[in-house]
Structures are given as C-alpha cells and as structure tokens.
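K.L.:
Show me how the following folds:
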Amino acid sequence: MNTTLSIDDPHDQLAGTRWELDPSGSTAEFHVPNLWGLVKVHGRFAGLDGQLEVDEHGARRLHLKIDASSLDTGNRRRDRHLKSADFFDADGHPEVDFRSTRISDAPGGGLRVEGELRAGAGRVGIELAPTTRRTGDDIEIEAETTVDQRLLGMTASPLGMIRTPATLTVRARLRRVA
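P.N.:
A predicted model of the protein is given here:
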C-alpha cells in the first residue's frame, strides 16, 4: 500500500507518531563522476541513524545521521582520503546530517522535503521528492538528489579529475516506536 503521509487525509493514522530508522533495512550511497567524467566512484555508508516524527497536527520532521567514518568505496586508500579534511573530515565532523526544514504534500501526490545537508565543514540546502511506501508496520522511504560537493567545502580534485555533481541515494526503513 502506498501512502503520501498526507496531513490532509482524515484517515491518516500517522499523526502523533514517532518512527526510527532500522539500520539493517537502510542504505546511504553516493556516486561521483571521476577521471574527467569517464567513470563513477561509488560508495556507501554503513552507519545510519534517523527518525521521522509526525506531531498530533500532522506536521512532519525528518532527521538522518550518517557516520562519516563508515564510508566505504572498496578502496582503502581512497576511503582514507575521502575521510580526510579534503572531503568529509570525519575526525572534525563525524556525522553527515540531514534535517528537514519543511515537509509538504507535492502537487499530484507524494512528498516534497526541503532541508539542510551538513557534511564536512559545509552545509547546503537541498530538496527531495521521496517515494514512500507502507510495508506492514514499517514505512520505506527512498530519495535521491544531486549536490555540488564544492558547496560543502569538498574542493580537492587532483588534476581536475573529480567532477560534480555527486548523486546521493538513501533508502530508509522506519519502524514505529511511539
């Protein structure tokens, strides 16, 4: 059963609920054009946490935290460089963080999520159009967006090899806790 998590639906049973991310059913991945756009570097983060809160009036808040040190591209040397101050600065900024600033129903159905992404030393506003689905007692959310990583202070690019934008994809399973 698909749902838009609509605040206008009088049968909406999400009001006054809190949902937590199930790490075993969730992924956060990225890919970035490399070698002057000829290949893509793919990576994923293993450490995820987050929640969705729907207050008694139906207002929604979404928060996603990603452990920056859990980054894995399948290449240890590249991972060390991506975790360094040139990119994610996992020591100084251990979390990649997304917080919604506004969640509204999109025209024609679905959701429109606006928020702030913080990674490394930078922050950037992003907009998402996630797909949502109820599966039993869980909610599954999938969202993809592109980000110019230079706006996050990630400007290292030996010989101009790393291109923009980075594509971020999150698939989250949320379990009701309240």
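K.L.:
use CA for all of it now, contacts and neighbours both
P.N.:
Noted.
K.L.:
how close does Thr169 get to Ser157?
P.N.:
Noted for Thr169: a distance of 22 Å to Ser157, by Cα to Cα, to the nearest Å.
K.L.:
Of those two, give the one with the bigger neighbour count.
P.N.:
Neighbours were counted for Thr169 and for Ser157 using other Cα atoms under 10 Å; Thr169 has more, 17 against 13.
K.L.:
Give the bridge partners for the more buried one, please.
P.N.:
Glu29, Glu144 (DSSP bridges).
K.L.:
residues contacting it?
P.N.:
Counting by Cα atoms under 8 Å, 6 or more residues apart in numbering, Thr169 touches Ala28, Glu29, Phe30, Glu142, Ala143, Glu144, Thr145.
K.L.:
tell me which of those residues is nearest to Ala106?
P.N.:
If you rank the contacts of Thr169 by distance to Ala106 using Cα to Cα, Ala143 comes first, at 14.1 Å.
K.L.:
and the residue nearest to the closest one when sequence neighbours are not counted, what is it in contact with?
P.N.:
Excluding the flanking residues, the one nearest Ala143 by Cα to Cα, 6 or more residues apart in numbering is Pro130, at 4.3 Å. Applying Cα under 8 Å, 6+ apart to Pro130 gives the contacts Gly110, Leu111, Arg112, Val113, Ile141, Glu142, Ala143, Glu144.
K.L.:
now do 7 Å
P.N.:
Contacts for Pro130 (Cα atoms under 7 Å, 6 or more residues apart in numbering) come out as Leu111, Ile141, Glu142, Ala143.
K.L.:
can you list those residues in TSV and add neighbour count and pLDDT?
P.N.:
Shown next, in TSV, are those (neighbours: other Cα atoms under 10 Å; pLDDT from 0 to 100):
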residue	neighbour count	pLDDT
Leu111	20	90
Ile141	16	95
Glu142	18	96
Ala143	17	96
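K.L.:
between those residues, which is closest to Arg173?
P.N.:
Out of these, the member with the shortest distance to Arg173 (by Cα to Cα) is Ile141, at 6.5 Å.
K.L.:
wouldn't that closest one be in contact with Arg175 here?
P.N.:
No - using Cα atoms under 7 Å, Ile141 is not in contact with Arg175; the gap is 11.4 Å.
K.L.:
low-scoring pLDDT stretches of the protein, where are they?
P.N.:
In the predicted model, the chain carries pLDDT under 70 at residues 1-12, 37, 159-160.
K.L.:
Helices of that one, residue ranges please.
P.N.:
76-83 (DSSP state H).
K.L.:
Let's check: the centremost residue of it is which one?
P.N.:
Val170 (5.0 Å; Cα atoms, centre = their mean).
K.L.:
Now do the contacts for that residue.
P.N.:
Thr27, Ala28, Glu29, Glu142, Ala143, Glu144.
K.L.:
Disregarding flanking residues, what is the spatial nearest neighbour of it?
P.N.:
Ala28 (4.5 Å).
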